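> Show me how the following folds:
(one chain, ligands or ions: 2)
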Amino acid sequence: MSIPILDLQGALSRGGPRSAEVARQLRAAAVGSGFFYVRNHGVAAQQVARQFELARQLLEDVPPGTRERLDMKNSPTLRGYERLGAQTLDLDAKPDLKESFYCGMAYPADHPYVRAGYQTYGGNQWPAQVPQAPAVCEAYIRSLLALARRLMQLLALSLALPEDYFDGTSESPMVTLRMLRYPAHPPDADQHTFGAGAHTDWGAITILAQDSHGGLEVCMPDGTWADATPIDGCFVVNLGDMIPRWTNGLYHSNPHRVRNRHSSGRPRFSVPFFYEPDYMARIEAVPGTVPAGEQPRFTPCTAGEHLAEMYRRTYGKPAEGTPA
Ligand SMILES: O=C(O)CCC(=O)C(=O)O
Ligand SMILES: [Fe+2]
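Ligands and ions are numbered 1, 2, ... in the order given. Purely as a prediction, here's the structure:
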């Protein structure tokens, strides 16, 4: 059992000649582990390399004291620096051996969702030492958002829905870009120690760029853990928990975890891009996914409600502006 590679050549634009074929491959991956690689995804290698260089600057060159002043805990949108051990993704394991820098789309202050104080809508925190950071991240987010929206169209096709079925849920999306640094895994680590403990992602689609060291492990449908080995020029894509909600459990958001064990003592960097739909998008079983005579498996909710609940579980922090 392995993680399939989807070649997006000819399927990147609406109505592209290979769209139906890729949608079939996407469906096979989605009913399996919910993980697949994409190649020929339209994002330039140079742009990905620039993002890794920025991750290194933010997490290695910026002095620790400056990083700590930008702690995400001080940000109403939970953006900024996350120190080593701040998150425990698997509550049965030890705190994660990773540090990261979070940012998101910079919506203008007069955007109705910013004014309402909805979770994730608002500004970023940046260190003055890296003046190019906002523009580099903004450009990367723009490229990855286009890819995520296209993947949502292919996902719609894979469910025998019109290609534009989900387009209306993406007007003001919740987008989080995370730059991660994992120190080398301690040689004497016990089985409760991880760079990132086993977890599922919360949103709709995660598009991950990883460096060449490897270390990401995916829980396959038979319960075994498979290495998501880095493949040059490919992103790893995985479905988050909103997709099972949208498909009545037909498509899967499988657990994954990270251990930086193969880097000869060097840190591992990765850059996941989390795409979530509009805060007000309704997440409920799409047509054709609830068998006749059965009730939907999940209670319908908005994307904002779903995400706020997930933040609360991992950081214990009530989400700002979340409707009660
Ligand atoms: O670093 C990785 O390869 C995966 C990170 C991840 O799973 C996450 O941030 O949700
Ligand atoms: Fe993840």
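> Got the confidence number for the spatially closest residue to A160 that is not a sequence neighbour?
Spatially, and ignoring its direct neighbours in sequence, A160 is nearest to G288 (6.2 Å; C-beta to C-beta, 6 or more residues apart in numbering). C-beta coordinates here come from the backbone N, C-alpha and C atoms, glycine included. For G288, the pLDDT comes out at 95.
> what about G288, how many neighbours?
Neighbour count of G288, defined by other C-beta atoms under 10 Å: 12.
> That one and ligand 1, how far apart?
According to C-beta to the nearest ligand atom, to the nearest Å, G288 stands 29 Å off from ligand 1.
> Make residue 1 into 141 and carry on from there
All set: I'll call the first residue 141, so the last point we hit is now G428.
> so which residue of the stretch 241-390 of the chain comes closest to ligand 1?
L356 (3.8 Å; C-beta to the nearest ligand atom).
> What is the neighbour count of the closest residue in space to that residue that isn't next to it in sequence?
Closest residue in space to L356, ignoring its immediate chain neighbours: A368 at 4.2 Å, by C-beta to C-beta, 6+ apart. Counted by other C-beta under 10 Å, the residues lying close to A368 total 24.
> ok, A368 to D211 distance?
30 Å (C-beta to C-beta, to the nearest Å).
> Report the contact partners of the residue of the chain found nearest ligand 1.
As assessed by C-beta to the nearest ligand atom, ligand 1 sits closest to S410 within the chain, at 3.4 Å. Neighbouring residues of S410 by C-beta atoms under 8 Å, 6 or more residues apart in numbering: L320, Y322, L348, A349, Q350, D351, L356, V398.
> Check I371 too.
I145, Y177, R179.
> Check whether it sits in a helix, strand or coil.
When classified by DSSP: H, G, I helix; E, B strand; the rest coil, I371 comes out as coil.
> got it, and the one 5 residues further on?
Reducing the assignment to helix, strand or coil with three-state DSSP, the entry for V376 is strand.
> So it is in contact with S173, correct?
No: with contact defined as C-beta atoms under 8 Å, V376 does not count as touching S173 (11.1 Å).
> quick revisit: can you tell me which of the contacts of I371 are classed as buried?
The neighbour count (16 or more other C-beta atoms under 10 Å) marks Y177 as buried among the contacts of I371.
> Please narrow the contacts of I371 to those residing in strands.
I145, Y177, R179 (DSSP state E).
> Once you drop chain neighbours, what's closest to the first one?
Excluding its sequence neighbours, the residue lying closest to I145 (C-beta to C-beta, 6+ apart) is Y177, at 4.4 Å.
> Show me how to select, in PyMOL, the buried members of the contacts of S410.
One line in PyMOL is enough to select the buried ones among the contacts of S410; burial here means 16+ other C-beta under 10 Å:
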select buried, resi 320+322+348+349+350+351+356+398
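> which secondary structure elements does the strand or helix carrying Y451 contact?
Counting by DSSP states H and E, the element that carries Y451 is helix 443-455. Helices and strands touching helix 443-455, as assessed by 3 or more C-beta pairs under 8 Å, 6 or more residues apart in numbering; DSSP states H and E, comprise strand 313-322, helix 382-386, strand 408-418.
> Now render those as TSV, adding distance to K238 and mean pLDDT.
Shown next, in TSV, are those (distance: least, C-beta to C-beta, whole Å; pLDDT from 0 to 100):
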stretch	distance to K238	mean pLDDT
strand 313-322	5	97
helix 382-386	23	97
strand 408-418	9	97
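> Pipe these into a markdown table and attach distance to R437 per row.
Formatted as a markdown table, the helices and strands packed on helix 443-455 follow (distance: least, C-beta to C-beta, whole Å):
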| stretch | distance to R437 |
| --- | --- |
| strand 313-322 | 23 |
| helix 382-386 | 8 |
| strand 408-418 | 20 |
